[in-house]
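Asks: Provided below for reference: sequence and predicted model.
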Amino acid sequence: MCARVATVDIGIEQLVTDLRETMVAAGGLGLAAPQVGVPLRVAVVGELTLINPVIESGAGEATEPEGCLSLPGLIAPVSRRTQITFAATSEAGERYSLEVFGERARAVQHELDHLDGKLFIDYLGPVKRDLLLSRWRKR
């Protein structure tokens, strides 16, 4: 579990910039601070900045293939909400709430999982997870 950000300062602003640049360079949809070794509740999803994010509500459900920059090339079906409303703080230090759908909702949920120490493969059963990881390691 990552620590909450107490104050949005120049260090946090730089972290957000670094996360966004790394995400774009890697071709990802999002990136969370713990993926780069920083145990803070900070993530980016496209142009969205998520500091101390919290999901307020969700609806719908779909199972879709999902991957992660932390496990390049590994893809598995994961069930997630198709619509969520979340609250977060921007890099300007302002709290906001936003409703997102589809791929963006999936990406936000995925990045929030990283902030809680969870990977998308943790949604799989142990046998399927172990088999996929074994194949992935061999490649």
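Replies: On my side now, so go ahead.

Asks: need the phi and psi values for residue 73.
Replies: Main-chain dihedrals, residue 73, degrees, to the nearest 10: phi 90, psi -10.

Asks: how about residue 138?
Replies: phi -70, psi -30.

Asks: so which residue is dead centre in the chain?
Replies: In the chain, the centroid-proximal residue (Cα atoms, centre = their mean) is residue 111; its distance is 0.8 Å.

Asks: so the residue lying closest to it once chain neighbours are set aside is in which element?
Replies: In space, and not counting its chain neighbours, residue 111 is closest to residue 43: 3.9 Å by Cβ to Cβ, 6 or more residues apart in numbering. From N, CA and C alone the C-beta is placed, and that goes for glycine too. Here residue 43, judged by DSSP states H and E, is contained in strand 42-45.

Asks: name the helices or strands packed onto that strand?
Replies: Using 3 or more Cβ pairs under 8 Å, 6 or more residues apart in numbering; DSSP states H and E, the elements in contact with strand 42-45 are helix 10-26, strand 30-32, strand 48-59, helix 102-115.

Asks: contact partners for residue 70?
Replies: 35, 114, 119 (Cβ atoms under 8 Å, 6 or more residues apart in numbering).

Asks: so the residue nearest to the centre of the chain touches residue 49, yeah?
Replies: No: applying Cβ atoms under 8 Å, one finds residue 111 not in contact with residue 49, separated by 11.0 Å.

Asks: kind regards, and thank you for your time.
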